[in-house]
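J.: From the sequence below, what's the structure:
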Amino acid sequence: MSPDPSPLAPLDEDWERALCLVAHPDDMEFGAAAAVARWTGQGKSVVYCMVTSGEAGIDGLDPETCREVREAEQVESARIVGVDVVDFLREPDGILEYGVALRRRLAAVVRAHRPEIVITGNFRDTWGGRNLNQADHIAVGRAVLDAVRDAGNRWVFPEQVAEGAEPWGGVRAVWAFGSPQATHAVDTTDSFDAGVASLEAHAAYIEGLGWENWDPREFLEGMAHSAGSRLGTRFAAPFEVLPMGWGD
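T.: Prediction:
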């Protein structure tokens, strides 16, 4: 399938707080870290939350050792793009299930951080061609959409409210990076190098993948240049925008 040639609209950057809710360490770096570097450079607050610790991601490491390695790499990767808060929910890697239990955990995170924008990864069945998406990405993305709505309703997961977590209905939109249905993008030309460095910080994971001669910069350049050509910039990060307001 050939890339979508339609233009991408600029993202609305009139906000101050974002929460990134994704399945694994490295998910942000494969699609949105350069955008995060741009936003933290503007003085915006961005928080990361990883649903798993990616402990099933390196064949040569047992899960507990892998968890420690991948969490440490993610914290450093986030630091490179200006993110100081990285939470790990430590749900089981590779076997996440969409449902009420996952929605409950994610709603609690939204209520705790009270973001205006929530960022997640592509939750569509594919990446826009024959390459199937991974099950954890789909489960988390779908749960994020529902959890954002859940977080604003005091009668959904009311035990959280009883324990002091006030409802939060202030999320204006969920942005899904890497989606084949992307309609918007942000210029990452000036922050692209930070995004590359952020992905390179996942050195143990990349080595564990065994991709011979794989170059993080070359990989990211291909995607960023394609999106940039549709935005009218050198590099860009594309997003599917899902408004969360009633009637949107």
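
J.: Could you pick out the longest strand of the protein?
T.: Selection of the longest strand in the chain by residue count, based on DSSP state E, yields strand 236-243.

J.: quick one: strands adjacent to that one?
T.: Under the criterion DSSP bridges, strand 236-243 sits next to strand 173-177 (antiparallel), strand 184-187 (antiparallel) in its sheet.

J.: buried set for the helix or strand of the chain with the lowest mean pLDDT?
T.: Ranked by mean pLDDT, DSSP states H and E, the helix or strand of the chain with the weakest confidence is helix 203-209, at a mean of 92. Buried residues in helix 203-209, counted by 16 or more other CB atoms under 10 Å: A204, Y205, I206, G208. Yep, even glycine has a C-beta here, placed from its N, CA and C like the rest.

J.: Pretty sure the second one sits against H24.
T.: No. Checked against CB atoms under 8 Å, the pair Y205 and H24 is beyond contact range at 9.2 Å.

J.: who touches both of the two?
T.: Common neighbours of Y205 and H24, using CB atoms under 8 Å, 6 or more residues apart in numbering, are G54, G57.

J.: picking that back up, for F219, which of the strands paired with strand 236-243 is the nearest?
T.: Among the strands paired with strand 236-243, the nearest to F219 by CB to CB is strand 173-177 (14.7 Å).

J.: now the closest one: how far from the chain's centre is it?
T.: Mean-position distance between strand 173-177 and its chain equals 8 Å (CA atoms, centre = their mean, to the nearest Å).

J.: same thing with stretch 20-34?
T.: Using CA atoms, centre = their mean, the offset of stretch 20-34 from its chain centre is 4 Å.

J.: And A35, which helix or strand is it part of?
T.: helix 33-41 (DSSP states H and E).

J.: got the buried residues for that helix?
T.: Buried, per 16+ other CB under 10 Å, within helix 33-41: A33, A34, A35, V36, A37, R38, W39, T40.

J.: could those go into CSV alongside distance to W214 and pLDDT?
T.: Below are the buried residues of helix 33-41 laid out as CSV (distance: CB to CB, whole Å; pLDDT from 0 to 100):
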residue, distance to W214, pLDDT
A33, 17, 98
A34, 18, 98
A35, 22, 98
V36, 22, 98
A37, 22, 98
R38, 25, 98
W39, 27, 98
T40, 27, 98
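
J.: Nearest residue to the middle of this protein?
T.: Closest residue to the average C-alpha location of the chain: T120 at 3.8 Å, with CA atoms, centre = their mean.

J.: how close does the closest residue to it other than its chain neighbours sit to V22?
T.: Of all residues not flanking T120 in the chain, V144 sits nearest, at 4.4 Å (CB to CB, 6 or more residues apart in numbering). Distance of V144 to V22, computed by CB to CB, to the nearest Å: 9 Å.

J.: If I look at the residue of the chain most remote from its centre, what pLDDT would I see?
T.: The C-alpha centroid of the chain is most remote from A162, which lies 29.4 Å away (CA atoms, centre = their mean). Predicted confidence (pLDDT) for A162: 97.

J.: Now do stretch 44-56: distance to the chain's middle.
T.: The answer for stretch 44-56 is 8 Å, by CA atoms, centre = their mean.

J.: for stretch 167-176, same thing?
T.: For stretch 167-176, the distance to the chain centre is 14 Å (CA atoms, centre = their mean).

J.: export that stretch as CSV, just CAs?
T.: Provided in CSV are the C-alpha atoms of stretch 167-176 (Å, rounded to 0.1, in the frame of the first residue of the first chain):
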residue,chain,number,x,y,z
PRO,A,167,-13.1,12.9,38.6
TRP,A,168,-11.3,14.5,35.6
GLY,A,169,-13.3,15.4,32.5
GLY,A,170,-10.7,17.9,31.2
VAL,A,171,-9.1,15.7,28.5
ARG,A,172,-9.9,17.5,25.2
ALA,A,173,-8.6,14.8,22.9
VAL,A,174,-6.7,11.6,22.6
TRP,A,175,-3.9,11.6,20.0
ALA,A,176,-2.7,8.3,18.6
